[in-house]
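Output the structure for:
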Amino acid sequence: EIAHTVRLDAPRIEGSEAHFSWSVTPETELYTRTRFSISFPPEVDLERVPGPLWCRLMLICLYSHFAILRPCRVELPVTIGRGERDFWMRLIDNVAAKLVAYGGTGRAGRAAELVDSGPAAEPRALPTDATRTAVAFSGGKDSLVLSSLASELTERPLLVSITSPVPWARDHIGDARDRARAEIAARLPVDVLEVRSDFRTCWK
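Below you'll find the predicted structure:
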């Protein structure tokens, strides 16, 4: 028996912002709102990003929530095909298994069912630059070391920071994070890009 049905809306791109929304039936206390946005600097041309990639980004953000809402039916705005559908379902099942292992209640069967609809989200090959790489940069020890290695092994890596502050944590605020971002740009041949989002305030 399905506990929740989650319908994902097609992402919307407006200027330098990407907007994501969905609905849950019946309503759940998990969310304070069922939408979030990601804001990019003006120099990032979002028109060059393939449409299906935004849907996959939405799944990256939300797939762990489907394990909390299990067993649930997730209706996608695109058709991803059996292989990729099984990939996401295994990720969701993995989260569900961890929730049970750490004291949650278990249910038989798969945690979620993903239902395709809409246009096919075929993989698309993009031009690549073999001499450059991108690094997720938090300002912590791991990303500092990785950024240093990337600057030695590749040409002017791009360091991407995601800022999404929440009242219950200080990991995305404070002088130390800002100082790490400023200092690494001054000391290494890198480009630093900050992306902002309200994603972490939409769920409890």
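
Do a quick rundown of the strands in this structure.
4-8, 12-14, 17-25, 35-39, 72-75, 112-115, 134-136, 158-163, 191-197 (DSSP state E).

which one's the longest helix in this structure?
helix 81-101 (DSSP state H).

Convert the C-alpha atoms of that helix to PDB, please.
C-alpha atoms of helix 81-101 as PDB (Å, rounded to 0.1, in the frame of the first residue of the first chain):
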ATOM      1  CA  GLY A  81      14.000   4.700 -18.700                       C
ATOM      2  CA  ARG A  82      14.300   1.500 -16.800                       C
ATOM      3  CA  GLY A  83      18.100   1.500 -16.200                       C
ATOM      4  CA  GLU A  84      18.200   5.000 -14.600                       C
ATOM      5  CA  ARG A  85      15.000   4.400 -12.800                       C
ATOM      6  CA  ASP A  86      16.500   1.300 -11.100                       C
ATOM      7  CA  PHE A  87      19.600   3.300 -10.200                       C
ATOM      8  CA  TRP A  88      17.500   5.900  -8.300                       C
ATOM      9  CA  MET A  89      15.400   3.300  -6.600                       C
ATOM     10  CA  ARG A  90      18.500   1.500  -5.300                       C
ATOM     11  CA  LEU A  91      19.700   4.800  -3.800                       C
ATOM     12  CA  ILE A  92      16.300   5.300  -2.100                       C
ATOM     13  CA  ASP A  93      16.300   1.800  -0.800                       C
ATOM     14  CA  ASN A  94      19.800   2.300   0.600                       C
ATOM     15  CA  VAL A  95      18.600   5.400   2.600                       C
ATOM     16  CA  ALA A  96      15.600   3.400   3.800                       C
ATOM     17  CA  ALA A  97      17.900   0.600   5.000                       C
ATOM     18  CA  LYS A  98      20.000   3.100   7.000                       C
ATOM     19  CA  LEU A  99      16.900   4.700   8.600                       C
ATOM     20  CA  VAL A 100      15.800   1.200   9.800                       C
ATOM     21  CA  ALA A 101      19.300   0.400  11.000                       C
END
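
Could I get the buried residue list for it?
Glu84, Arg85, Trp88, Met89, Leu91, Ile92, Asp93, Val95, Ala96, Leu99 (16 or more other C-beta atoms under 10 Å). Where you see a C-beta, it was placed from the backbone N, CA and C, and this is true even at glycine.

for those residues, which one is nearest Ala136?
Closest approach to Ala136 among the buried residues of helix 81-101 (C-beta to C-beta): Leu91, at 18.1 Å.

so who does that closest one touch?
Tyr63, Ser64 (C-beta atoms under 8 Å, 6 or more residues apart in numbering).

one step back: any chance of the strands of the chain in JSON lines with distance to His172, mean pLDDT and mean neighbour count as columns?
Shown next, in JSON lines, are those (distance: least, C-beta to C-beta, whole Å; pLDDT from 0 to 100; neighbours: other C-beta atoms under 10 Å):
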{"stretch": "strand 4-8", "distance to His172": "25", "mean pLDDT": "97", "mean neighbour count": "19"}
{"stretch": "strand 12-14", "distance to His172": "24", "mean pLDDT": "97", "mean neighbour count": "12"}
{"stretch": "strand 17-25", "distance to His172": "18", "mean pLDDT": "98", "mean neighbour count": "17"}
{"stretch": "strand 35-39", "distance to His172": "14", "mean pLDDT": "98", "mean neighbour count": "18"}
{"stretch": "strand 72-75", "distance to His172": "28", "mean pLDDT": "96", "mean neighbour count": "20"}
{"stretch": "strand 112-115", "distance to His172": "29", "mean pLDDT": "95", "mean neighbour count": "20"}
{"stretch": "strand 134-136", "distance to His172": "13", "mean pLDDT": "93", "mean neighbour count": "15"}
{"stretch": "strand 158-163", "distance to His172": "5", "mean pLDDT": "94", "mean neighbour count": "18"}
{"stretch": "strand 191-197", "distance to His172": "9", "mean pLDDT": "95", "mean neighbour count": "17"}
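
Fine by me, thanks again.
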